[in-house]
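Make a model of this:
(one chain, ligands or ions: 1)
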Amino acid sequence: MQYYSTNRQVAPVSFKEAVIKGLPDDNGLFMPESIPQLPKSFFDSLSSLKLDEIGLEVATPLIEEDIPRQDLATIISETLNFDIPVKPVKDNIYALELFHGPTLAFKDVGARFLARCLSYFSKESDEKVTVIVATSGDTGSAVAHGFLGVENVDVVILYPKGKVSYLQEKQLTTLGQNITALEVEGNFDDCQRLVKTAFLDKELNKKMKLTSANSINIARLIPQSFYYFWAKAQLPEKDLVFSVPSGNYGNLTAGLLAKNMGLDIKGFVASSNINDIVPNYLASGNYEPTASKATISNAMDVGNPSNFYRLQELYGKSWDKITAEIKGYSFTDEETKKAMKEVFDETGYVMDPHGAVGYLGLKNYLLQNEKATGLFLETAHPAKFKDTVEEVIGAVTIPERLAKYADKEKKSRQITSDFEEFKNYLKTR
Ligand SMILES: *Cc1c(COP(=O)(O)O)cnc(C)c1O
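Numbers count the residues shown, from 1 in each chain. Below is the predicted model of the structure:
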């Protein structure tokens, strides 16, 4: 499989090159040249397959020219060494719990897969790779954790100062070794801009091998499609709708990829907080990126979602086709908290603020589609957002793998959102 750039100004490349480069030189996004159709036999046997077996069948046609199936199988089972349970919440609503990985957010899936692909490819050459990654909270720790101690890979994380939760920050800044955290005076969009600009900077790219671990990297996206198949395998007889609490729209795009590969999904809900650029686009046809606003679902505080162009690409840029399959809703922090409380009081189920936005989007969708069965993606463990969750429903238990970060000393370096300063830092470190 070759990967083309959505801007179409550069020639298609192999999976390997797409992963190492992260971003094509024409500032587009890599996409597979064609979407493979999975065979009927695969769908017939879906409900008897394990998660990693499903992953292997999905990934093989997309990747096997660059990573032979046997090695791919190893990478996938190492990536998915944790559960992704489907939990009934109420009536026809289920939660797809994506937070059982080491850093307690769904980002573990993409980041662990990407880290393993990059380290697989870096074994073929001795060159040192610097991974730069902007995070709105959860990506950074998932990436850092995925790469911790990996030879020939340095990781530089950029996160917006004061805009991530206490435990998120601890997860980012306490690892040490080959991981450096930069605390940027600005918001997530500033962090993302610094990373994107670095990739386009000729001088920097001559000096060092930079790669991206953001959801713009195709190796983050592909494994995220696995769990849509997996969820369907758990609820085979239902008409499924997925509600995806979204920020950069990587997770939703991965679901669209699954559908395009042949998975029977009735529809998608793009659920957002007040950073409602995509729901607005779905309503009006106009895509108007803006500065991001801070909310309690901070990992979704994105004003210019980088996967939007991939999403459009999958529908030939047709707004009519997009709106036929994707409904969009946005919610305020107050509505989000109210939903967390209501669901907890009614069912005992604890949602984190991101999952709660997904739940709300799903509820709205189901009002018009009563026969459908809905899954919302529960993208992070509620304990990651301890302050908010405790304010709304009372004490939450902190899992040990998260609690252990609390006492460690934060080590970060402050920078402004000025690109020259960031560039200088990269050049001289
Ligand atoms: C990153 C993140 C999201 C948003 O996912 P996208 O793929 O960027 O749309 C939602 N919830 C949590 C907890 C996240 O960390």
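
what's the weakest-modelled helix or strand in the protein?
strand 209-212 (a mean of 85; mean pLDDT, DSSP states H and E).

just checking, what packs against it?
Packing contacts for strand 209-212, counted by 3 or more Cβ pairs under 8 Å, 6 or more residues apart in numbering; DSSP states H and E, involve helix 15-21, strand 129-134, helix 188-200. (C-beta placed from N, C-alpha, C; glycine too.)

Name the residue of the stretch 1-150 of the chain with the shortest distance to the ligand.
Here the stretch 1-150 of the chain gets closest to the ligand at one residue, residue 138, 3.1 Å apart by Cβ to the nearest ligand atom.

quick one, what contacts that residue?
103, 105, 106, 107, 168, 299, 379, 380, 384 (Cβ atoms under 8 Å, 6 or more residues apart in numbering).

let's see it at 7 Å
105, 107, 168, 299, 380 (Cβ atoms under 7 Å, 6 or more residues apart in numbering).

How about residue 324?
Contacts of residue 324 by Cβ under 7 Å, 6+ apart: none found.

Can you identify the element that follows the host helix or strand of it toward the C-terminus?
Using DSSP states H and E, residue 324 sits within helix 319-325. For helix 319-325, the succeeding helix or strand toward the C-terminus, using DSSP H and E, is strand 326-330.

So in that sheet, which strands flank that following strand, and in what orientation?
If you go by DSSP bridges, strand 326-330 pairs up with strand 267-272 (parallel).

pull the CA atoms of the strand it pairs with into CSV?
What follows is strand 267-272, C-alpha atoms only, in CSV (Å, rounded to 0.1, in the frame of the first residue of the first chain):
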residue,chain,number,x,y,z
GLY,A,267,-23.6,6.2,11.7
PHE,A,268,-21.3,8.4,13.8
VAL,A,269,-21.8,11.2,16.2
ALA,A,270,-19.1,13.9,16.3
SER,A,271,-19.5,15.0,20.0
SER,A,272,-17.6,18.1,21.0
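
chain center to it, what's the gap?
Strand 267-272 sits 15 Å away from the centroid of its parent chain (Cα atoms, centre = their mean, to the nearest Å).

got the angle between the very next helix or strand once past it and strand 267-272?
Next in sequence after strand 267-272, counting helices and strands by DSSP H and E, comes helix 277-284. If you take axes from the mean of the first three to the mean of the last three Cα atoms, to 10 degrees, helix 277-284 sits at 120 degrees to strand 267-272.

And for helix 277-284, what's in contact with it?
246, 249, 270, 272, 287-290, 303, 305, 308, 323, 326-330.

The ligand contacts on the chain?
Taking Cβ under 6 Å from any ligand atom as the contact definition, the chain meets the ligand at 105, 107, 137-138, 215, 245-251, 299-300, 354, 379-380.

Identify the residues contacting residue 253.
Residue 253 sits next to 221, 307, 310, 311 when contact means Cβ under 7 Å, 6+ apart.

So which of those is the closest to residue 152?
residue 221 (23.8 Å; Cβ to Cβ).

Find the nearest non-adjacent residue to the closest one, please.
Closest residue to residue 221 apart from its sequence neighbours, by Cβ to Cβ, 6 or more residues apart in numbering: residue 254 at 5.3 Å.

what's the answer for residue 305, then?
residue 249 (4.5 Å).

can you tell me how far residue 398 sits from residue 31?
39 Å (Cβ to Cβ, to the nearest Å).

and these two? which has more neighbours close in?
residue 31 (22 against 18; other Cβ atoms under 10 Å).

per-residue pLDDT, residue 26?
What the model reports as pLDDT for residue 26 is 92.

Among the contacts of residue 138, which ones are in helices?
Residues of the contacts of residue 138 located in helices (DSSP state H): 107, 168.

of the contacts of residue 253, closest to the ligand?
residue 307 (6.9 Å).

Who are the contact partners of the closest one?
By Cβ under 7 Å, 6+ apart, the neighbours of residue 307 are 215, 248, 249, 250, 253.

so which strand or helix has the second one?
For residue 248, there is no host helix or strand (DSSP H and E).

In contact with it, which residues?
Contacts of residue 248 by Cβ under 7 Å, 6+ apart are 215, 302, 305, 306, 307.

Go through those and flag which are in strands.
With DSSP state E as the criterion, strands contain none of the contacts of residue 248.

in stretch 316-335, what counts as buried?
Under the neighbour-count criterion of 16 or more other Cβ atoms under 10 Å, stretch 316-335 has 322, 326, 327, 328, 329, 330, 331, 333, 335 buried.

among the helices and strands packed on strand 209-212, which is the most enclosed?
Stretch with highest mean neighbour count among those: strand 129-134 (a mean of 25; mean count of other Cβ atoms under 10 Å).

Quick one: list the elements packing against that strand.
In terms of contacts (3 or more Cβ pairs under 7 Å, 6 or more residues apart in numbering; DSSP states H and E), strand 129-134 is packed against helix 139-147, strand 153-160, helix 188-200, strand 209-212.

rerun that using 6 Å as the cut-off
Where contact means 3 or more Cβ pairs under 6 Å, 6 or more residues apart in numbering; DSSP states H and E, strand 129-134 is packed against strand 153-160, helix 188-200, strand 209-212.

Can I get these in TSV including distance to residue 86?
Listed next are these as TSV, based on distance: least, Cβ to Cβ, whole Å:
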stretch	distance to residue 86
strand 153-160	31
helix 188-200	30
strand 209-212	31
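
Show me the strands in this protein, by range?
Counting by DSSP E, the chain has strands at residues 2-5, 13-14, 30-32, 86-90, 93-97, 129-134, 153-160, 179-185, 209-212, 240-245, 267-272, 326-330, 373-378, 413-416.

weakest of the ones you listed in terms of mean pLDDT?
Among these, strand 209-212 scores lowest, at a mean of 85.

Need the contact partners of that strand.
20, 22, 23, 127, 129, 130, 131 (Cβ atoms under 6 Å, 6 or more residues apart in numbering).

Okay, residue 146 and residue 79: tell me how far apart.
9 Å.

Equivalent analysis for residue 152, please.
Note on residue 152: its distance to residue 79, by Cβ to Cβ, is 20 Å.

so who does residue 263 touch?
229, 232.

ok so, going back, now render the contacts of residue 307 as JSON lines, adding pLDDT.
JSON lines is the format used below for the contacts of residue 307 (pLDDT from 0 to 100):
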{"residue": "215", "pLDDT": "70"}
{"residue": "248", "pLDDT": "93"}
{"residue": "249", "pLDDT": "96"}
{"residue": "250", "pLDDT": "96"}
{"residue": "253", "pLDDT": "97"}
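
Find the residue ranges of the stretch 201-350 of the chain scoring beneath the pLDDT cut-off.
Along the stretch 201-350 of the chain, segments meeting pLDDT under 70 are nowhere present.
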